[in-house]
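1. Sequence plus predicted model, see below.
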Amino acid sequence: MTDKYPSRRQNQQRRRRANRAYRRRLRFFINQDILDRVENLPPQVVDDPSLDQFFNGFSFP
């Protein structure tokens, strides 16, 4: 005989699967949003010789 109502364990498993799928979609959308924001940042122009030296290394004459 099958029960008309699912057991507590079946309900927990169903909720766990739904939550896992929801978190996976949410993580994708949050990551995509961050990537879109970074991609749309305006270019930064920095004409500081010390920063250039720091990131590109020292030149030895």
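-> Happy to help now that I have it.

2. tally of neighbours for residue 39?
-> 7 (other CB atoms under 10 Å). Where C-beta positions appear, they are placed from N, C-alpha and C, glycine not excepted.

3. Could you count how many residues lie near residue 48?
-> When neighbours are counted by other CB under 10 Å, residue 48 registers 8.

4. and it, how far is that from residue 55?
-> 10 Å (CB to CB, to the nearest Å).

5. repeat for residue 26
-> Residue 26 is 35 Å from residue 55, by CB to CB.

6. Equivalent analysis for residue 10, please.
-> Here the distance between residue 10 and residue 55 works out to 57 Å (CB to CB).

7. If you count surrounding residues, which of these two has more?
-> Using other CB under 10 Å, the more surrounded residue of residue 10 and residue 55 is residue 10, with 11 against 8.

8. Report the secondary structure element holding that one.
-> helix 8-39 (DSSP states H and E).

9. So, low pLDDT: which residues of this structure?
-> 1-3, 61 (pLDDT under 70).

10. One more pass at 50, please.
-> Low-confidence segments of the chain, defined by pLDDT under 50, span residues 1.

11. Find the centremost residue of it, please.
-> Residue closest to the average C-alpha location in the chain (CA atoms, centre = their mean): residue 31, at 3.0 Å.

12. Tell me how far the helix holding residue 10 lies from the chain's centre.
-> Relative to its parent chain, helix 8-39 has a centroid offset of 11 Å by CA atoms, centre = their mean, to the nearest Å.

13. residues contacting residue 41?
-> Residue 41 sits next to no residue when contact means CB atoms under 8 Å, 6 or more residues apart in numbering.

14. what about residue 60, neighbour count?
-> Neighbour tally, residue 60, other CB under 10 Å: 4.

15. I misspoke; the intended subject was residue 57.
-> 8.

16. quick one, what contacts residue 28?
-> Contacts of residue 28 by CB under 8 Å, 6+ apart: none found.

17. Residue 16 now?
-> Neighbours of residue 16 in contact, by CB under 8 Å, 6+ apart: none.

18. ok, it to residue 59 distance?
-> From residue 16 over to residue 59 the distance is 58 Å, taken as CB to CB.
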